[in-house]
Structures are given as structure tokens and as C-alpha cells.
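Colleague: the following block contains a protein sequence and its predicted model.
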Amino acid sequence: MPNDPQANYAELHCLTNFSFLRAASHPEEQIQRAAELGYQALAITDECSIAGVVRAWRQRERLSLNIKLIIGSEFYIDGHNLVLLARNELGYQQLCRLITRARRRSEKGEYCVYLKDLSAKLLSDCLCLYTLPRLGSDLSTLQHLKHQFPTRLWLLAENSLDNGAASYMSRITDCAAMHKLPIVASSQPLMHIPSRKLLHDCLTAIKANKSIEQVRHLLKPNAENHLRSRKKLSRLYPKDWLEQTMVIANQCTFELNSICYNYPKDTLPGQYSAEEYLALLVKQGAQKRFGKNVSSDILSTINKELALIKLKQYEHYFLTVYDIVRFAKSQGILCQGRGSAANSIVCYCLGITEVNPQEASLLFERFISESRNDPPDIDVDFEHERREEVIQYLYQKYGRKRAALAATVITYRRKSAMRDVAKALGMNIEQLDQKIANYGWRYRGSNWIDQIVNDGLGLSSFQLDTFKYVLSEIKGFPRHLSQHVGGFILTEGFVSDLVPIENASMKDRTVIQWDKDDLEALNLMKVDILALGMLSAVRKSFDYIRDVYKQPIRIQDIPRDDPDVFKMIQKADTVGVFQIESRAQMNMLPRLKPACYYDLVIQVAIVRPGPIHGDMVHPFLKRRMGIEAVEYPKPELKEVLERTLGIPIFQEQIIKLAMVAADFSADEANDLRKSMASWKKSGHISALRGKLTDKMLTNGYPEDYVERINRQIEGFGEYGFPESHAAGFALIAYISCWLKYHYPAAFCCALLNSLPMGFYSASQLVQDARRHNVIVLPVSINHSQWDSHLEGDSGDIALRLGLRRIKGLSERAGLSLLLYRPPQGYRSLNQLEKVPGLTASDLDALASADALAEIAGHRYQARWKTAALSMQQDLLLEAFNDDGTLLDAPDDFENIVEDHNSTGLSLGKHVLKLLREKSILPLTPTADQLLELALEQQKKRHKDRTDKIKIPIVVSGLITNRQMPKTLPALHF
């Protein structure tokens, strides 16, 4: 760096786009630009937040930038603006605590700081930079700050070169002389380069929820709030003001990676060390899993995993997850662990997962190794209806100060960006919304903006260029912080000593200001407490099987190799099951023909954008069917790809492939894993992609193979599946299939009572159950419970729809009907008038659903009678005769309409069958005739020795759901 006075500058008041909608540059852009300009230090000082500092720190570490990163925050107190900077680790903790207090006493997205919060005792190791207000008195605030920060207070001089800037600078000089305070210079950069001014104007308009024209008074008058060159700074500010930036920067010695995280020790009995207690639990679990005489191979694996856990000091992590699972099981909450570290013999013995890693060929070293310093990863799925019990258990056990949810940074994606930018630019939102609604977004390329605005939207050329420019810049910008789906950070000390906590929008929830990637970067432990609807359905199925069929059953009791279940799976008879129920999965099942558990692991992972985008699906199928030989581009890849026939299917294989084929180091491979979601982007990701490509080509791999690997990584960024997660999901998929095959009535009942979840509607689930010979009975005022339930004994079971299926019937009214239902059932409509809480609208809902058929006739008659019933007085109750028939019964078509409007499904004839019976539909083949037609066409092609014969087939059907996946080309043999 040049040895001149201009080089000695630190920017101490820099905002990023994590001061949501206030700044127009990413933290990474700010620190990289500051380093390019030769700054000695940069302070990231987002408003009452440190949400962006990890991103800046990661960029500095990644690019080895020669610049100090200072952590601070900006606050507004009664119209006064100041910046606090952390001088050391204690100062960082004090800053985090202040932000936590300010955020916790306010609604989500807001904060409140009082002058009393700015005390010497609470902020003894923070430095304070005060901005004089342009208007109004500053005396009382300044006197308070001087008293609390006697040697740690500066006046902040920010010359934005606007009207009045010269007089404002003079005022700062006079105030400093009067109060004997030093002055420090700053540009208050809101953008890293001045060309972001237009984007900043748009952000200002979006924040105000108005157009730019309506907020002209709020816009910055120029683009001076950017990172200025040192030469320009030396012209704007006196030398001593610039030197003060270094005086402050030299006092700030805290480094973000010095944060010391300690695992919580609450789960540890006093007489044991963490190592001893974990070993004891694993030993007990091994005997339960494998019997008292555990084989030497398993013991060897256990000892190897425990030794690695000890080396990495992860004992408390595994004990914490074990305690969470133990609590859930004690409450009868079904759960299943998955993820990297979850697929280990240790976790299998601890009961965290039901997946035996030996069955899935999962090796512990893929997830925890000496070369990787990432914290272990265990996701635990709980019943979606009871996950809140687990969350509240954690809050009760650790307290609000030691437990908080990780954040999720909600960023601008294409749709949200288009709407907000269009409004800011004053465009016609209704016209744009219509285009957005009709546009297929998935798998679109880089020209998506041009495809949306292909007709110009009535804009001038300048307006169109502006729209496109702002869209390209704002995409990926943080919009706000939301709560993670279940990632908990649990600490031995206070969470707020590590990162600030703020209120979530949901009641009784608090979140930290960092997301999962930030936590991972600083090696902080996160436990994912996730919700899975299928686990609720499985647990309810077990309950019905125990209560109705008198056969108690657990997950571990279900055989994993039932041939009948796999035959059902191979026929794609998987409506309603977990993971393999979509149309794409159904299309794959008869071709892949899963015959064992590990086949399901592959099945779960292969129908994903990663393998599809990388053209890996068809080669795998051909090799599995024996049509194509199993080959490897080079012999060294055999170990990596052997279990998937030479085709990379899982994320772990791609990462290992990079290490073997492209000479990636362990750190680079780990970087690749983290970077998959942004594989198309430039910058550091582009460098990784370039190295992968160049090294593979240099090492003799074919160019087309290298390109396929790159496309697959790109697809994984959208939605790829690691093998560790696929193994956990495959088990639940098999369990759901086993239940569907052996107990279809119980399984369908459980699905109905667990909605909304899964891929199919209640109507489709019921139709499928009836195709499997399940008797489904309608909603009844006298026989239905609130939930759907099973009727009869184990030899003759029927599924009765519950009152909850009736649209418009309140839960309070439904439960009241059950509570006051006579032992012999309701015998007349008159009895319903005495049911507390039952309103006229509830009666109408019951009538529309045909639930009153037993006591009031068909639904039209029941609706008529309930309308009259609501007007009766006590004196006339006995005189009212509801036996008369006043209206004609609805026909089949009317019943179907009423059924779907009231319960979302119909037990009558299918509407297409009715249309065919009345000759309203043309003669088209039914679904079960299509296969026969296809076989006939295939025979004709074979006979004529041609593949050019195409017989068009017209079909009729109902659209039940819409999908827009990338289409797989047909597989020909």
C-alpha cells in the first residue's frame, strides 16, 4: 500500500442492504470495493443490526483482502443518529445485547432505543460516533453522551456535497470546539459505487410503498453516499479528521472468528463427562439395535465414530440432539433424523434415526472428518401437528436467553422484484401481474426479463431500459428477515453474546439475525427441528391399527424387505405416500423398479433437477436395465460412483468427484458444496467452476462429461438431494408404502386427518382408497366424529368421513354436536336447536353436506327444513312436523356439485362417467384402456418394422393439479 497520508483512512459508517431497503450494495461489494480503494478498515454499521457482517467477513477471508473489518451498528434515538463500534470481544457482546434489548421491546422489524440504554456501564467497550442533527437542538443528547463516553465519543462529519453542506460542516466544527470533542470523517456509504443511485432511489420508493415520483423529497440529492477515493476524501476533509478514522480503527481489535461458542451442557448427568455419557448411551443403544452380542465389525465402527467425535469435541452436540429426540418419544411424538451426521451408527444406536447406515452404504467420514471444521448436521423431522411441543420444550429447558431460531433472509426473487420495482417506477401493476401469472418460471434462462416485457408493457425505451437495469441489480437483495423453518441455536451462555435476538412475527418465537449459512461460516451449532406431515399420518395410522385392528406396531417392527410392497411400488401405485407420489416419480418407478431399500434411496434422489439437468437419469436407467454397460470415465472414479452404476446421483458424489477428478482440496470441496446454489453466478463461484472445468479437462476427462457435471451442479443448486437426506426420506417413503399396502383404510384415514399436506387432495385420496376396496362412508350427523375415523371390527373396516370435512362448519359447533349427541343419536331436527353454539350457517353447512339425511331427507329438503327450524319458538317446537317432502331430490350432477362445494369430495359417480352415460362426452378411451391402446400401437410398429406410425389419441379428464417440471425426453430401447 502506498506510504502516504491518503492511504491511512478507515470508513466507519457504512450501511449495506441488510439495513433493509436503505442501502444499495451487498456487504461483499462494500468490503471488496473498500479494499480496492486502499482503505485500512471498514466498519459495517447496519441499522440496529449486525445481520450483514458475516457476509462481509466471508468475502474478506475468501479473497484474502488486506483490510480490517470493524463491527458496529447505527441507531436512531428520538431523531438523533449515532454509531456504536465494538472495540473488543466484550464490546461486541455489549453491542449485541443492546440490539437485542432494542429489538425485543418492539414489534418485528422495529426497534426502540432509549438514552438510558447508552450508559458507560452497559457499553464500556464500545466507541460512539455522534451525528449532529441538521435541525433542532443537540445539547441534551450530546451532554448525555459526553458523560457516558468521556474518552470514547467523536462527532461524525459526513459531507454529502448537497445544499447546506458547507454550513453544516461549519456547525460541526463549532460544536466540536465548544464541547472539546474530536471530529471523524465519513462518507456514510449506502452504495459501493455511484451508479447504484438509481437502485437506491427505487429502494427508497419501495420502503415508502410509493413511486419514485411521489417520494422525491426522500431521495438523496446526489450519489455522494458511496465509497469515495482517498484522493477525493483528502480534498473534502481536513487531514486530522481523516487521521481520526485510524485512531478509532486501531482501537477496534475484535475479529468475528474469535467468537467462542460453547455447546450446552444441560443434558449431562453430573457423574459423567460428555465422552463417558455418550459412550454409555451408544453402548446401551447398540445392544437394543443389534442384540447383546454386538459383532466386532459394528463395535469397530462405533469406536471409530466415537473417536472422531471426541477429536472434534462434538459430544455435547450429539447429546443435545439425543435429548430432544428422547423428549419427543416420551410424549409419543414420532420423529426421524436425517442429514449428514444423522446417518451414523452412533445416531442409529441413540435412536435419532431408524436408518441403519450399513443398509444405505453411508460412511461417517463423508460427514465428519478431520479435514472439515464444519459443525455436524442433523435434521430431525417431527410430526407437523406436534412440532410446537418440541420447540416450546427447548425454550423451557434453555430459556429465551439461551435458545433462538435461526433467521432466513428473504431475498428478492424474480416475481417479487418485478412487482416492487414496477410500482416504484410507476408502471401498470395489473398488466404486469397478468403477465407474471401466465409465465412459467421454472428452468427459465437469463433472458427471462425480455420474455416478460416482450411487448414493452407500454413503456418508452428509456423506461424499459431502466426497468431491466434495476431488476438485474435488485435480484438477490435481502428484503427482510424471517424465521428459519426450524433451525435452533442452543448455547451454554447467552445467545445474545454471540448474535442479537429479535422477535419473530409468530407469537412466542424469537430469531437471531444470522441465517444458517452465517452460522455455518462461524462454526456455530444449529439443530434443525423440522415438521413433516407424513410423520403425523404415520403416527395416526399406528394409532388406528392399534385401536381398531388390535395390532400394536412401531416403525422398527416393520420389515424392510416386503416383496409385495415393492411390487406395489414398481407399479407406481403410490398415491398419497411420501416422496415417490408425484407424477414424475410415478413415471420413473416402473422403469427403475425399486426392489430394496437402497433402490428407494436412489429413487428419491434421482427425480430432481440436479440429475435431470445433468442428463444423468437415462444413462442410469439404461445401465440398471442392462442395456448399457457400466463404465467410468477414468478408473479412479469407480470408488466414487460404483454404488450408482458409474452415474453421479447425489451431492456427496459430486463433491468427492471434484476432489478425485479435479484435485480439489478438502476446503475447496467444502466450498463447492456451499456454492452449489449460486453455480451460475460470477465472482468466486465462477473461479470454482473454472477450476473444476480446467482441471478435469487437464486430467483427461471428456469435454461433454465435464459439461454434464457442471449442469448437474447447476441443477443441484435449484433442488439437489444429498444421499444422507435421501436415506432418511426413503425410509419414510417405504413405511408409508407398507401402510398403504397392508392397511389402506387406516392410512387413508390418517392422511385425511393430517391435511393439508402432500401432493394430493382429499378427493383424490378417497378415490384411490376406494379403488383399493376401502369402504368410504359419508359424513353423518349421528355417526361421524370430528375427525374421520374407522368403523367396524378388524374383519370389516370402513372409513367414515369426519365433520371437519364440512366447509363452513366451525370446529366449536362440530364438537358441540358431538358433546350433546344422544346415545341413540339425533332423531329429529328439533333436537339441534338445543345444541349450544350451533348457528344458522352451521345448520346450512350440515344440510349442504348431506349430513342430515338420516333425520331430514335429501340435502335440498334438509336445507329447507333447517331454514325454517331456525325460526321456531319453544312453544311451537312440538307442533313442527318435519316429515313432509316439499322439494324434489337433487340429481346426480347436482349432488356432485354440492358434495365438492361442501366437503371437497364426492362418493357418488365420477362426473366423467355421468357425462358418458348421458352421451355428453365424445367417445374417448378411459384411463384403464390407454395401456391396451399403447400395446396395440407398439405391436403394429413391430409388425410394420417402423417407428414412424403415430396414432393420435384424444382423451377426456379433469385437471386436479398443475405442474410445470422440466420434461424428460422419452426413453427408447
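Modeller: Here it is on my side, so go on.

Colleague: quick check: phi and psi at residue 763.
Modeller: Per-residue torsions, residue 763: phi -60, psi -40 (degrees, to the nearest 10).

Colleague: same deal with residue 955?
Modeller: Torsion angles, degrees, to the nearest 10, at residue 955: phi -120, psi 160.

Colleague: you'd agree it is up against residue 925?
Modeller: Yes. Applying CB atoms under 8 Å as the test, residue 955 and residue 925 come out as touching, 6.3 Å apart. Backbone N, C-alpha and C define where each C-beta goes, glycine included.

Colleague: look at those two and report which has more neighbours.
Modeller: Neighbours per residue (other CB atoms under 10 Å) separate residue 955 from residue 925, with residue 925 holding more: 14 against 11.

Colleague: just the strands in the stretch 501-650 of the chain please.
Modeller: 501-503, 510-515, 527-532 (DSSP state E, counting those that start in this stretch).

Colleague: with the stretch 201-350 of the chain instead?
Modeller: Under DSSP E, counting those that start in this stretch, the stretch 201-350 of the chain gives strands at 335-338.

Colleague: how about low-confidence regions in it?
Modeller: The model of the stretch 201-350 of the chain has no residue with pLDDT under 70.

Colleague: the longest helix belonging to the chain vs strand 527-532, what angle?
Modeller: Longest helix of the chain, by residue count under DSSP state H: helix 723-742. Angle between the axes of helix 723-742 and strand 527-532 is 30 degrees (criterion: axes from the mean of the first three to the mean of the last three CA atoms, to 10 degrees).

Colleague: quick check: closest non-adjacent residue to residue 505.
Modeller: Leaving aside its chain neighbours, residue 505 sits nearest to residue 108 (4.8 Å; criterion: CB to CB, 6 or more residues apart in numbering).

Colleague: mind listing what the top strand by length along the chain pairs with, with the direction of each?
Modeller: If each strand of the chain is counted by residues according to DSSP state E, the longest one is strand 478-490. Strand 478-490 has the following strand partners under DSSP bridges: strand 403-411 (antiparallel), strand 527-532 (antiparallel).

Colleague: tell me which residues of that strand are tucked away?
Modeller: By 16 or more other CB atoms under 10 Å, the buried positions in strand 478-490 come out as 478-479, 481-484, 486-490.

Colleague: tell me how far that strand lies from the chain's centre.
Modeller: In this view, strand 478-490 has its centroid 9 Å away from the chain centroid, taken as CA atoms, centre = their mean, to the nearest Å.

Colleague: could you do stretch 858-869 as well?
Modeller: 47 Å.

Colleague: circling back: could the strands paired with strand 478-490 go into a markdown table alongside mean neighbour count and distance to residue 30?
Modeller: Formatted as a markdown table, these follow (neighbours: other CB atoms under 10 Å; distance: least, CB to CB, whole Å):
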| stretch | mean neighbour count | distance to residue 30 |
| --- | --- | --- |
| strand 403-411 | 22 | 16 |
| strand 527-532 | 22 | 31 |
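
Colleague: dump these into JSON lines; add distance to residue 728 and mean pLDDT as well.
Modeller: What follows is those, written out as JSON lines (distance: least, CB to CB, whole Å; pLDDT from 0 to 100):
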{"stretch": "strand 403-411", "distance to residue 728": "20", "mean pLDDT": "91"}
{"stretch": "strand 527-532", "distance to residue 728": "10", "mean pLDDT": "91"}
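
Colleague: as JSON lines, these with distance to residue 869 would be great.
Modeller: JSON lines is the format used below for the strands paired with strand 478-490 (distance: least, CB to CB, whole Å):
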{"stretch": "strand 403-411", "distance to residue 869": "50"}
{"stretch": "strand 527-532", "distance to residue 869": "42"}
